[in-house]
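coords below, sequence missing:
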């Protein structure tokens with residue numbers, strides 16, 4: 001049974017061990033949610049402000065699914081099967097929580113692609129694929145193959161608003177660890 005989807009706002013506002021909108025680690029955020037036994041289905045009702053606010057999410061809210069055991073693997077241990085393993089986890093458990101590289105001052109061309117993205121499949125020659133380069137968290141919600149080009153892709157939910165990209169989503173080349181998106185995937189393995 002796929003796990004419920006977890007949205008960005010409560011993590012940005014409430015996981016104080018990280019740095020809100022200034023970065024952090026998915027594992028730290030998930031650990032915080034587990035330790036506080038958060039109800040994950042309340043997240044869709046938590047308003048997104050594209051900025052860090054004060055924590056307004058309650059760990060004891062009724063009717064939710066308790067945040068369960070965290071499933072994790074590092075694709076660097078088995079890079080030849082990372083994409084296939086991620087596809088299987090997506091089908092079995094639901095959304096994959098990942099991070100990727102979206103550019104910086106040294107990679108302005110990468111930043112330009114992400115900031116100006118409207119549609120299509122992101123496929124950037126020379127985009128860093130090391131997990132040490134990641135600087136933005138996103139959620140993989142699906143995968144497919146482009147019918148016109150034959151390029152395999154991940155369908156990804158971004159946190160930059162519905163005005164950006166394909167109604168807040170983007171597609172990025174799958175199977176080549178494009179911009180490190182296949183480096184450190186997480187999923188909620190078993191809601192409690």
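All right, it came through fine. The structure presented is a predicted model; accordingly, all values stated were derived computationally and were not measured.

how about the helices in the chain?
8-14, 26-35, 82-93, 108-115 (DSSP state H).

Show me what the longest one packs onto, helices and strands only.
This means helix 82-93. strand 96-100, strand 136-145, strand 186-190 (3 or more Cβ pairs under 8 Å, 6 or more residues apart in numbering; DSSP states H and E). For glycine as for every other residue, the C-beta is placed from the backbone atoms N, C-alpha and C.

nearest residue to residue 89 other than its sequence neighbours?
The shortest distance from residue 89 to any non-neighbouring residue, by Cβ to Cβ, 6 or more residues apart in numbering, is to residue 187 (5.1 Å).

ok, that neighbour touching residue 98?
No - with contact defined as Cβ atoms under 8 Å, residue 187 does not count as touching residue 98 (9.6 Å).

Give me the pLDDT value at residue 14.
Among the per-residue scores, residue 14 shows a pLDDT of 62.

Likewise for residue 94?
83.

Format the helices and strands packed on helix 82-93 as TSV; extra columns: distance to residue 125 and mean neighbour count.
Shown next, in TSV, are the helices and strands packed on helix 82-93 (distance: least, Cβ to Cβ, whole Å; neighbours: other Cβ atoms under 10 Å):
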stretch	distance to residue 125	mean neighbour count
strand 96-100	16	24
strand 136-145	19	18
strand 186-190	28	19
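
hey, least reliable of those by pLDDT?
With a mean of 72, strand 186-190 has the lowest mean pLDDT of the helices and strands packed on helix 82-93.

re the thing from before, look up which residues are beta-bridged to the residue nearest to residue 89.
Residue 187 has these beta-bridge partners by DSSP bridges: residue 71.

Give me the distance between it and residue 92.
Distance of residue 187 to residue 92, given as Cβ to Cβ, to the nearest Å: 8 Å.

By mean pLDDT, flag the weakest helix or strand of the protein.
strand 69-72 (a mean of 53; mean pLDDT, DSSP states H and E).

for this protein, which spans come out with low pLDDT?
Along the chain, the parts satisfying pLDDT under 70 run over 1-79, 189-192.

who touches the nearest residue to residue 139 once chain neighbours are set aside in this structure?
Nearest non-adjacent residue to residue 139, counting by Cβ to Cβ, 6+ apart: residue 157, 4.5 Å away. By Cβ atoms under 8 Å, 6 or more residues apart in numbering, the contact set of residue 157 is 95, 138, 139, 140, 141, 168, 169.

who's the third one bridged to?
Beta-bridge pairing of residue 139 under DSSP bridges involves residue 97, residue 157.

Could you measure from the nearest residue to residue 186 once chain neighbours are set aside over to residue 139?
Nearest non-adjacent residue to residue 186, counting by Cβ to Cβ, 6+ apart: residue 97, 4.4 Å away. Plainly put, residue 97 is 6 Å away from residue 139 if you go by Cβ to Cβ.

Then residue 182?
Separation of residue 182 from residue 139 (Cβ to Cβ): 14 Å.

cool, residue 154 as well?
10 Å.

mind listing what the nearest residue to residue 133 once chain neighbours are set aside touches?
Nearest non-adjacent residue to residue 133, counting by Cβ to Cβ, 6+ apart: residue 101, 4.3 Å away. By Cβ under 8 Å, 6+ apart, residue 101 lies in contact with 107, 110, 127, 128, 129, 133, 134, 135, 136, 179, 180.
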